[in-house]
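> would you be able to build a 3D model of this:
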Amino acid sequence: MSGPAAGQGVLTVDLDAIVANWRDLSARHGAPCAGVVKADGYGLGAAPVARALLAAGCRTFFVAHLTEGLALRAALGAGPAIIVLNGFPPGADEAAGLWPVLNSLGDVEAHAAAGRADGQARPALLHLDTGMSRLGLDAAEQAALAEDRGRLAGLDLRFVMTHLACADEPAHPLNALQAQRFTAAAAAIAPGVPRSFANSSGLFLGKDFRSDLARPGCALYGINPTPAAANPMRQVATVEVPVLQVREIGAGDTVGYGAGYTATRNVRVATVAAGYADGYLRSLSGRSLALFQDRAVPLMGRVSMDLTTFDASDFPDLQPGCRLMLVGGAGNTPDDIAARCGTIGYEVLTSLGSRYQRHYLGGV
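Numbering: from 1, shown residues only. Take a look at the predicted model:
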């Protein structure tokens, strides 16, 4: 890897850690686990992540959009199953051998009709809504399909699936209710068809949530699937950014837009080359930190588009050209960062911008 351009941050992704997380989750599940690589592999690069998982034995991948599926097929070649969670737009049937998720009775009818018309059953997944109230056949559509399963003629259903709404809250009553609803609906509509149930957190809910194919996403990337307990997953990503300038200011001087920080003594201000355009969220203003030599460096003032300022007063060795770790390290994981500004680790990872140089460790 050539060195980063002047002023460029580096996003390092440990592919071996992602593979290890996938293996741990698969062992816990006791049945196959897919790799969810939507949103460009949760911001870390769908193609390199999926190639590493494929080499490790993963044979099924989930994306959100058709364009993501087409790009992944180009990266992986023929062979692995690639499933499009949001389904296909009209006219995109069987694009590049991808499998759509059918999210409504209308999807079922259109896809089945196409299969009947050309005499070749169309591979697809059937999504049953059991409590999320987003995509998926609702209760009325499920009842209609159970009453007339002939509507499925023309389809080659590979899995029937649902999605847990509260899996990260093990005691939430909706978890058990969704399991009951899914078992009953799948048996009525698609008996004998393999089932796909648990997401990352669902894999930690016990035997009632096991199925023929789990769909871990966030846990692959080091996000804690058990928020009330210690994180069982390996961390996979770090972001390091260069210090562009260090200056000294005195009591009463202010820093950044809106004079968001006012010095009460002489302090050293280190300005780094990253901001909210790089996915370092503006909501972290005045409430986050970076790491330098494994020690916390407090954020000063507001995060701006391309620059962020940190209090380097206790770090005489911190000079222009040094690097601060914005993401990663003890107490500074994506989940830690998210907690400081009232969001979730998913948003921290998926917000990481395109301006970082990406460095991949391990994999293939």
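> who touches Ala176 in this structure?
Residues in contact with Ala176 (CB atoms under 8 Å, 6 or more residues apart in numbering) are Asp208. To be clear about C-beta, it is placed using only N, CA and C from the backbone, and glycine gets the same treatment.
> go through whichever strand or helix holds it and flag the buried ones.
In this structure, Ala176 is located in helix 173-189 according to DSSP states H and E. Residues of helix 173-189 classed as buried by neighbour count (16 or more other CB atoms under 10 Å): 174-175, 178-179, 181-182, 185-186, 189.
> show me which of these is closest to Ala296.
For those, the closest approach to Ala296 (CB to CB) belongs to Asn175, at 36.8 Å.
> pretty sure that closest one contacts Asp168?
No: the pair Asn175 / Asp168 is not scored as a contact, 9.8 Å apart, by CB atoms under 8 Å.
> same question for stretch 347-359, mean pLDDT?
Averaged over stretch 347-359, pLDDT sits at 95.
> output that stretch in PDB with nothing but the alpha carbons.
Below are the C-alpha coordinates for stretch 347-359, written out as PDB (Å, rounded to 0.1, in the frame of the first residue of the first chain):
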ATOM      1  CA  GLU A 347     -24.400   4.900  12.200                       C
ATOM      2  CA  VAL A 348     -20.800   5.600  13.200                       C
ATOM      3  CA  LEU A 349     -19.500   2.900  10.800                       C
ATOM      4  CA  THR A 350     -21.900   3.500   7.900                       C
ATOM      5  CA  SER A 351     -21.200   7.200   8.000                       C
ATOM      6  CA  LEU A 352     -17.500   6.800   7.300                       C
ATOM      7  CA  GLY A 353     -16.800   8.800   4.100                       C
ATOM      8  CA  SER A 354     -14.900   8.100   0.900                       C
ATOM      9  CA  ARG A 355     -12.000  10.400   1.600                       C
ATOM     10  CA  TYR A 356     -10.100   8.000   3.800                       C
ATOM     11  CA  GLN A 357      -7.400   5.800   2.300                       C
ATOM     12  CA  ARG A 358      -8.600   2.200   3.000                       C
ATOM     13  CA  HIS A 359      -6.100  -0.400   4.300                       C
END
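> and the contacts of that stretch?
By CB under 8 Å, 6+ apart, the residues outside stretch 347-359 that reach it are 1, 4-5, 8-13, 39-40, 42-45, 221, 223, 237, 239, 277-279, 281, 327, 334-335, 337-338.
> show me these that map onto helices.
Here DSSP state H is the test, and the contacts of stretch 347-359 give 39-40, 42, 334-335, 337-338 as lying in helices.
> for Gly362, which non-adjacent residue is closest in space?
Asp16 (3.3 Å; CB to CB, 6 or more residues apart in numbering).
> now do the contacts for Leu291.
Here Leu291 is in contact with 297, 324-325, 328-330, 332 (CB under 8 Å, 6+ apart).
> can I get the host helix or strand of it in CSV? Just the C-alpha atoms.
Using DSSP H and E, Leu291 sits in strand 289-292. C-alpha atoms of strand 289-292 as CSV (Å, rounded to 0.1, in the frame of the first residue of the first chain):
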residue,chain,number,x,y,z
LEU,A,289,-12.2,12.3,22.1
ALA,A,290,-9.4,10.8,20.1
LEU,A,291,-6.5,8.7,21.2
PHE,A,292,-2.8,9.5,21.0
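> buried residues in that strand?
Neighbour counts over strand 289-292 (16+ other CB under 10 Å) mark 289-292 as buried.
> can you check stretch 315-324 too?
315, 318, 322-324.
> distance to Ala117 and pLDDT added to the contacts of Leu291, as CSV?
Below are the contacts of Leu291 laid out as CSV (distance: CB to CB, whole Å; pLDDT from 0 to 100):
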residue, distance to Ala117, pLDDT
Val297, 63, 98
Leu324, 59, 98
Met325, 57, 98
Gly328, 52, 97
Gly329, 57, 96
Ala330, 59, 95
Asn332, 56, 97
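> what's the farthest-apart pair in those residues?
Leu324 and Ala330 (14.5 Å).
> the helices in the stretch 201-350 of the chain, which residues?
334-341, 345-350 (DSSP state H, counting those that start in this stretch).
> using PDB, list the CA coordinates for the longest one.
Provided in PDB are the C-alpha atoms of helix 334-341 (Å, rounded to 0.1, in the frame of the first residue of the first chain):
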ATOM      1  CA  PRO A 334     -17.900   2.700  17.300                       C
ATOM      2  CA  ASP A 335     -20.300   1.800  20.200                       C
ATOM      3  CA  ASP A 336     -18.400   4.100  22.600                       C
ATOM      4  CA  ILE A 337     -18.500   6.900  20.100                       C
ATOM      5  CA  ALA A 338     -22.200   6.400  19.400                       C
ATOM      6  CA  ALA A 339     -23.000   6.500  23.100                       C
ATOM      7  CA  ARG A 340     -21.500  10.000  23.400                       C
ATOM      8  CA  CYS A 341     -23.900  11.500  20.900                       C
END
